[in-house]
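> sequence and computational prediction follow.
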Amino acid sequence: MFGGARRRATEHVVQSIRPLIAIYQSYSGLPAGFWRDEFVLGFIGFMISFHANVTSGVKLSTADKGHLLYDVLSAISNMNGQAIGREYTQLATQFPKNPDFEKGADNAAICAFASIGKMSPEGRPYYDMAKELADAQGTPDDLSAIGGFLLHILFYQPLRERFGTD
(Lines give C-alpha, C1' and ligand atoms only; values in the text may rest on other atoms or scores of the structure.)
Protein backbone atom coordinates (compact mmCIF):
# COMPACT_ATOMS: atom_id res chain seq x y z
CA MET A 1 0.00 0.00 0.00
CA PHE A 2 1.34 3.37 -0.91
CA GLY A 3 -1.24 5.64 0.41
CA GLY A 4 -3.03 7.20 3.25
CA ALA A 5 -2.44 4.73 6.07
CA ARG A 6 1.29 4.38 5.55
CA ARG A 7 1.72 8.08 4.96
CA ARG A 8 -0.20 8.94 8.16
CA ALA A 9 1.76 6.38 10.16
CA THR A 10 5.04 7.69 8.73
CA GLU A 11 4.15 11.28 9.61
CA HIS A 12 3.14 10.23 13.13
CA VAL A 13 6.39 8.34 13.69
CA VAL A 14 8.56 11.14 12.29
CA GLN A 15 6.79 13.69 14.52
CA SER A 16 7.30 11.41 17.53
CA ILE A 17 10.99 10.66 16.98
CA ARG A 18 12.43 13.73 15.26
CA PRO A 19 12.41 15.75 18.54
CA LEU A 20 14.59 13.09 20.25
CA ILE A 21 17.28 13.58 17.63
CA ALA A 22 16.82 17.36 17.44
CA ILE A 23 17.37 17.77 21.18
CA TYR A 24 20.62 15.83 21.09
CA GLN A 25 21.73 17.56 17.89
CA SER A 26 21.07 21.03 19.29
CA TYR A 27 23.31 20.39 22.30
CA SER A 28 26.02 18.21 20.82
CA GLY A 29 25.65 18.07 17.07
CA LEU A 30 25.51 14.68 15.42
CA PRO A 31 28.94 13.11 15.51
CA ALA A 32 30.39 11.23 12.57
CA GLY A 33 29.10 7.69 12.58
CA PHE A 34 25.96 8.56 14.56
CA TRP A 35 23.64 6.78 12.12
CA ARG A 36 25.88 3.69 12.03
CA ASP A 37 26.18 3.34 15.79
CA GLU A 38 24.67 0.09 17.08
CA PHE A 39 23.19 1.67 20.23
CA VAL A 40 21.56 4.46 18.21
CA LEU A 41 20.15 2.00 15.67
CA GLY A 42 18.74 -0.22 18.42
CA PHE A 43 17.14 2.70 20.25
CA ILE A 44 15.75 4.54 17.23
CA GLY A 45 14.71 1.34 15.46
CA PHE A 46 12.73 0.20 18.49
CA MET A 47 11.09 3.61 18.80
CA ILE A 48 10.11 3.56 15.12
CA SER A 49 8.55 0.14 15.52
CA PHE A 50 6.80 1.11 18.77
CA HIS A 51 5.26 4.25 17.34
CA ALA A 52 4.29 2.52 14.09
CA ASN A 53 2.66 -0.42 15.86
CA VAL A 54 1.35 0.98 19.14
CA THR A 55 0.65 4.68 18.89
CA SER A 56 -0.11 5.40 15.23
CA GLY A 57 -3.51 3.68 15.27
CA VAL A 58 -2.80 2.26 11.81
CA LYS A 59 -2.43 -1.42 10.88
CA LEU A 60 0.32 -1.94 8.30
CA SER A 61 1.51 -4.93 6.33
CA THR A 62 5.03 -6.24 6.84
CA ALA A 63 6.08 -4.67 3.53
CA ASP A 64 4.60 -1.32 4.54
CA LYS A 65 6.45 -1.49 7.86
CA GLY A 66 9.70 -1.92 5.95
CA HIS A 67 8.93 1.07 3.75
CA LEU A 68 7.92 3.06 6.81
CA LEU A 69 11.27 2.23 8.48
CA TYR A 70 13.18 3.52 5.43
CA ASP A 71 10.96 6.60 5.07
CA VAL A 72 11.27 7.55 8.74
CA LEU A 73 15.03 7.01 8.79
CA SER A 74 15.38 9.18 5.68
CA ALA A 75 13.28 11.93 7.22
CA ILE A 76 14.99 12.03 10.62
CA SER A 77 18.56 11.52 9.40
CA ASN A 78 18.48 13.52 6.16
CA MET A 79 20.49 10.63 4.75
CA ASN A 80 19.83 7.44 2.82
CA GLY A 81 17.18 5.75 4.95
CA GLN A 82 17.45 2.51 3.00
CA ALA A 83 21.13 2.11 3.84
CA ILE A 84 20.50 2.88 7.50
CA GLY A 85 17.47 0.58 7.50
CA ARG A 86 19.48 -2.28 6.00
CA GLU A 87 22.08 -1.89 8.74
CA TYR A 88 19.31 -1.85 11.35
CA THR A 89 17.76 -5.00 9.86
CA GLN A 90 21.11 -6.77 9.81
CA LEU A 91 21.68 -5.96 13.48
CA ALA A 92 18.11 -6.91 14.41
CA THR A 93 18.38 -10.33 12.79
CA GLN A 94 21.96 -11.34 13.55
CA PHE A 95 22.79 -14.03 16.04
CA PRO A 96 24.31 -13.68 18.49
CA LYS A 97 22.84 -10.26 19.08
CA ASN A 98 25.10 -7.23 19.20
CA PRO A 99 25.13 -6.12 22.88
CA ASP A 100 25.15 -2.39 22.05
CA PHE A 101 22.20 -2.80 19.69
CA GLU A 102 20.31 -4.79 22.31
CA LYS A 103 21.09 -2.18 25.00
CA GLY A 104 19.70 0.56 22.76
CA ALA A 105 16.53 -1.41 22.05
CA ASP A 106 16.09 -2.32 25.73
CA ASN A 107 16.54 1.31 26.81
CA ALA A 108 14.03 2.43 24.18
CA ALA A 109 11.54 -0.18 25.36
CA ILE A 110 11.72 1.16 28.91
CA CYS A 111 11.10 4.73 27.71
CA ALA A 112 8.37 3.75 25.25
CA PHE A 113 6.37 1.54 27.58
CA ALA A 114 6.68 4.02 30.45
CA SER A 115 5.12 6.62 28.15
CA ILE A 116 1.95 4.49 27.97
CA GLY A 117 1.94 3.62 31.67
CA LYS A 118 3.57 0.20 31.50
CA MET A 119 6.71 -0.68 33.41
CA SER A 120 8.78 -3.83 33.36
CA PRO A 121 10.72 -5.02 36.39
CA GLU A 122 13.94 -4.19 34.46
CA GLY A 123 12.74 -0.65 33.86
CA ARG A 124 11.55 0.06 37.40
CA PRO A 125 14.94 1.25 38.79
CA TYR A 126 15.30 3.74 35.92
CA TYR A 127 11.73 4.94 36.36
CA ASP A 128 12.30 5.41 40.09
CA MET A 129 15.50 7.37 39.38
CA ALA A 130 13.64 9.58 36.88
CA LYS A 131 10.82 10.12 39.38
CA GLU A 132 13.35 11.17 42.05
CA LEU A 133 14.82 13.71 39.63
CA ALA A 134 11.32 15.02 38.84
CA ASP A 135 10.59 15.22 42.59
CA ALA A 136 13.79 17.22 43.14
CA GLN A 137 12.76 19.56 40.33
CA GLY A 138 9.40 20.14 41.99
CA THR A 139 7.34 18.16 39.47
CA PRO A 140 6.78 14.87 41.32
CA ASP A 141 3.73 13.61 39.42
CA ASP A 142 4.43 15.19 36.05
CA LEU A 143 4.62 12.24 33.65
CA SER A 144 6.22 14.36 30.93
CA ALA A 145 9.01 15.40 33.33
CA ILE A 146 9.54 11.79 34.36
CA GLY A 147 9.60 10.78 30.69
CA GLY A 148 12.12 13.49 29.93
CA PHE A 149 14.39 12.29 32.71
CA LEU A 150 14.02 8.70 31.48
CA LEU A 151 15.17 9.82 28.04
CA HIS A 152 18.07 11.67 29.60
CA ILE A 153 19.15 8.63 31.63
CA LEU A 154 18.58 5.99 28.95
CA PHE A 155 19.33 7.81 25.68
CA TYR A 156 21.13 11.13 25.99
CA GLN A 157 23.58 10.12 28.72
CA PRO A 158 24.64 6.92 26.91
CA LEU A 159 25.11 8.97 23.73
CA ARG A 160 27.37 11.42 25.57
CA GLU A 161 29.40 8.50 26.92
CA ARG A 162 29.61 6.80 23.51
CA PHE A 163 30.53 9.90 21.54
CA GLY A 164 32.41 11.84 24.22
CA THR A 165 30.17 14.89 23.94
CA ASP A 166 29.09 17.32 26.65
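That came in fine, so what should we check first? Small disclaimer: the values here were computed from a predicted structure and weren't measured.

> helices along this protein, start to end?
Secondary structure of the chain (DSSP state H): helices located at 4-28, 38-50, 62-77, 81-93, 99-115, 124-137, 143-151, 157-163.

> contact partners of the shortest one?
Helix 157-163 is contacted from outside by 24, 28, 31, 34, 37, 39-40, 103-104, 107, 165-166, using Cβ atoms under 8 Å, 6 or more residues apart in numbering. Yep, even glycine has a C-beta here, placed from its N, CA and C like the rest.

> switch to 10 Å and redo it
Contacting residues not belonging to helix 157-163 are listed as 24, 27-34, 37-40, 43, 100, 103-104, 107, 151-152, 165-166 [Cβ atoms under 10 Å, 6 or more residues apart in numbering].

> how about the helices of the chain, which one is nearest residue 56?
Evaluated over these, closeness to residue 56 peaks at helix 4-28, with 4.2 Å, by Cβ to Cβ.

> what residues sit buried inside the lowest-mean-pLDDT helix or strand in the chain?
Taking mean pLDDT, DSSP states H and E as the measure, the helices and strands of the chain show their lowest mean at helix 4-28, namely a mean of 90. Across helix 4-28, burial judged by 16 or more other Cβ atoms under 10 Å covers 5-6, 9-10, 12-14, 16-17, 20-21, 24, 28.

> quick check: most distant residue from the centroid of this protein.
Within the chain, the residue lying farthest from the chain centre (Cα atoms, centre = their mean) is residue 138, at 26.8 Å.

> run the angle between the least confident helix or strand of the chain and helix 38-50 for me.
Interaxial angle, helix 4-28 versus helix 38-50 (axes from the mean of the first three to the mean of the last three Cα atoms, to 10 degrees): 150 degrees.

> can you start the count at 221 instead of 1 from here on
Renumbered: residue one is now 221, and that last one reads helix 224-248.

> now helix 224-248 against helix 282-297, angle please.
Relative orientation of helix 224-248 and helix 282-297, computed by the same axes, to 10 degrees: 30 degrees.
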